[in-house]
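Build me a model from this:
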Amino acid sequence: MPGYIEDRWWTKKSDPDTGKKRKTARYGTGKRYRVAGIPGVKDRSFERLEGAEGAKAWLAKAQHESTSGEFVDPRRGQMLLQTYIEDEWWPRRDYDNPSTEATVKGRVWTHIVPHLGHLQLNAVKTKQLGEWLKTLKATAGASTGNEAWRYLSAIFQAAIDDERLTRNPCRKQTTLRVPTRPPAKARAWAKECVLAVQAEMDERFRLCVDLGVGAGLRSGEVFGLSEADIDYEGGRILVRRQVKKVGAKLAFALPKGEKTRTVPVPDYLLQRIEESLQRRPAQTVTLPWRDPRPPKTEREAADRAPQSHALIVTAPRGGAIRRDGFDHRVWKPALAAAGIIPPPVKESQPIRHRPGAFRTVLTYEESRENGFHALRHTFASVQLDAREPIVAVSKWLGHADPSITLRIYAHMMPEADGRGRAAMQNWFESSP
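So this is what the prediction gives:
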């Protein structure tokens, strides 16, 4: 096999007069043994000849892996994790959905880079992962921690593909407790709770509650609903877009799952929509499609071309509603006023660039189970209690597959009424 070991402290040829090898100019300095001559493998020096970390062991390993085409030079894994992420991993990411891109970047630069970025790729072992997980559990929720772990594993897998690592330290972990995504158990609201929260809202936003509970719309879909999406004669709503936040800007986009849907709605909801539009006509809002960032190519310019829609519910000063603004200024104050969550904590914070000036900041309790999605859960609960087929409910909710609906809402389905038991009794009684 190609490859050899060179002793850099002694000459290769013996002294013609004494018959002994002579010391080289490097004698006593630097690593003594160098492995060289293996095709595709960079030379490497060692202090010892024997042992697991010696030149002979390395030569045998490099020869075998080079012959089989599996050689990975461990020195390529000495790059810092942060450098690899910024220079190699992230530039190759290509997300069709800019919101997904922003989410991934936020997780990586918030929960991975600050804690592990200073380590070399090949220095991240079980010990370092365990210390990172402790920090992660103390600073982030289980869902966020689970996502951060998956992103880190994807980074290491990419490093393997780039021939910088030979194994992924996140794979097949048996000694670490990796955060798991908590099981989602949707909770429907009682009618009294829905009406109480709605009553505490400004009149212009009350239709949002009707659309959430009456059609199962997500908040972004409510904010993106246009006058043309209401089919009064067919008694249905066409869910064709949502308003989503990308960075600090807004854009129109397809509903979650990248598909539109049709939801049958009661006459009561259609009447509420008509009454709302009579009081406050729809306003035309123009936003980019999918991605508000400046396009770099003609294709991107065409794909992101602005669209205009006459939105049924808009912000007080006009324009599309921002979900985070709605949550903090409309939804949570209504929850607190209705007694669903505690009153906010008031804090005085200094105003930047205005010495001596302060502003009052209200901080509300975080409560995922009492988010706008609770109205969607209530819609599903009513439909399932009325024994609508799970396939139909799944379609109305816009789920990719009925199994998703079943997993989330199985506990809301009415219990069996005994018809199956009676049928089996009749079967046995009629048997010969």
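
So what does residue 261 look like in phi/psi?
Geometry field for residue 261 lists phi and psi as phi -160, psi 170, criterion degrees, to the nearest 10.

so how far is residue 87 from it?
Distance, residue 261 to residue 87, by Cβ to Cβ, to the nearest Å: 42 Å. Heads up, the C-betas are built off the backbone N, CA and C, glycines and all.

Between the two, which is the more surrounded one?
More neighbours sit around residue 261 than around the other of residue 261 and residue 87, counting by other Cβ atoms under 10 Å; the figures are 17 against 11.

How about that one: which residues does it bridge to?
Each beta-bridge partner of residue 261 is listed here: residue 239, as defined by DSSP bridges.

which residues of the stretch 51-200 of the chain score low on pLDDT?
58, 64-75, 182-185 (pLDDT under 70).

Try it again at 90.
Counting by pLDDT under 90, the stretch 51-200 of the chain has low-confidence residues at 51-79, 92-103, 106, 122, 137-144, 159-167, 171-188, 190.

ok, which stretches of it are helices?
Here the stretch 51-200 of the chain has its helices, by DSSP state H, counting those that start in this stretch, at 55-68, 81-84, 98-111, 113-116, 126-139, 142-161, 191-199.

Measure how buried residue 132 is and give me the count.
The local packing of residue 132 (other Cβ under 10 Å) involves 20 other residues.

for it, what are its contacts?
Taking Cβ atoms under 8 Å, 6 or more residues apart in numbering as the contact definition, residue 132 lies against 115-116.

Packed most tightly, which of the helices of the stretch 51-200 of the chain would that be?
Relative to the other members of the helices of the stretch 51-200 of the chain, helix 81-84 carries the highest mean neighbour count by mean count of other Cβ atoms under 10 Å, namely a mean of 20.

who does it touch, helix- and strand-wise?
In terms of contact count using 3 or more Cβ pairs under 8 Å, 6 or more residues apart in numbering; DSSP states H and E, helix 81-84 is assigned the packing partners helix 113-116, helix 142-161.

Of those helices, which is nearest residue 368?
Ranking the helices and strands packed on helix 81-84 by proximity to residue 368 (Cβ to Cβ) places helix 142-161 first, at 9.4 Å.

now that closest one and helix 126-139, what's the angle there?
Between the axes of helix 142-161 and helix 126-139, defined by axes from the mean of the first three to the mean of the last three Cα atoms, to 10 degrees, the angle is 150 degrees.

can you put the helices and strands packed on helix 81-84 in a markdown table and add distance to residue 6?
Rendered in a markdown table, the data for the helices and strands packed on helix 81-84 read as follows (distance: least, Cβ to Cβ, whole Å):
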| stretch | distance to residue 6 |
| --- | --- |
| helix 113-116 | 37 |
| helix 142-161 | 31 |
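
So residue 4 versus residue 46, what's the distance?
Counting by Cβ to Cβ, the separation of residue 4 from residue 46 is 13 Å.

Which parts of stretch 373-393 count as buried, going by neighbours?
Applying a neighbour-count criterion of 16 or more other Cβ atoms under 10 Å, the buried positions in stretch 373-393 are 373-384, 390, 393.

and the closest residue to residue 119 other than its chain neighbours, what does it touch?
Using Cβ to Cβ, 6 or more residues apart in numbering and skipping the chain neighbours, the partner closest in space to residue 119 is residue 81 (5.5 Å). With contact taken as Cβ under 8 Å, 6+ apart, residue 81 is in contact with 112-113, 116-121, 124, 155.

Strands of the stretch 251-400 of the chain, start to end?
For the stretch 251-400 of the chain, strands defined by DSSP state E, counting those that start in this stretch occupy the ranges 261-264, 283-287, 307-311, 345-350, 358-363.

which helices and strands sit right next to the last one?
Translated: strand 358-363. Using 3+ Cβ pairs under 8 Å, 6+ apart, the elements in contact with strand 358-363 are strand 345-350.

On the strand side of things, show who the nearest residue to residue 13 once chain neighbours are set aside bridges to.
Leaving aside its chain neighbours, residue 13 sits nearest to residue 21 (7.5 Å; criterion: Cβ to Cβ, 6+ apart). Partner residues in beta bridges with residue 21: residue 14, with DSSP bridges as the criterion.

still on that earlier bit, more crowded one of residue 4 and residue 46?
Taking residue 4 and residue 46 together and counting by other Cβ under 10 Å, residue 46 has the greater number of neighbours (20 against 12).

Pretty sure residue 33 is one of the things that one touches, is it not?
Yes. Under the contact definition of Cβ atoms under 8 Å, residue 46 touches residue 33, with a separation of 4.7 Å.

intersection of neighbour lists for those two?
By the contact definition Cβ under 8 Å, 6+ apart, residue 46 and residue 33 are jointly contacted by 54-55.

what ranges do the helices span in the stretch 251-400 of the chain?
267-279, 298-303, 323-326, 332-337, 373-385, 390-397.

what packs against the very next helix or strand once past the last one?
Following the chain from helix 390-397 toward its C-terminal end, the next helix or strand by DSSP states H and E is helix 402-409. Counting contacts by 3+ Cβ pairs under 8 Å, 6+ apart, the secondary-structure elements packed against helix 402-409 are helix 373-385, helix 390-397.

Select, out of those helices, the one closest to residue 302.
Evaluated with Cβ to Cβ, those place helix 390-397 nearest to residue 302, the distance being 30.9 Å.

And the closest one, how far out from the chain middle?
Taking Cα atoms, centre = their mean, to the nearest Å, the mean C-alpha location of helix 390-397 is offset from the chain mean by 25 Å.

burial count for residue 394?
Around residue 394 there are 20 residues (other Cβ under 10 Å).

shouldn't it be in contact with residue 404?
Yes. With contacts defined as Cβ under 8 Å, residue 394 counts as touching residue 404 at a distance of 7.0 Å.

if we can go back for a sec, restricted to buried residues, select the contacts of residue 81 in PyMOL.
Applying 16+ other Cβ under 10 Å to those, the buried members can be selected in PyMOL as follows:
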select buried, resi 112+116+117+121+124+155
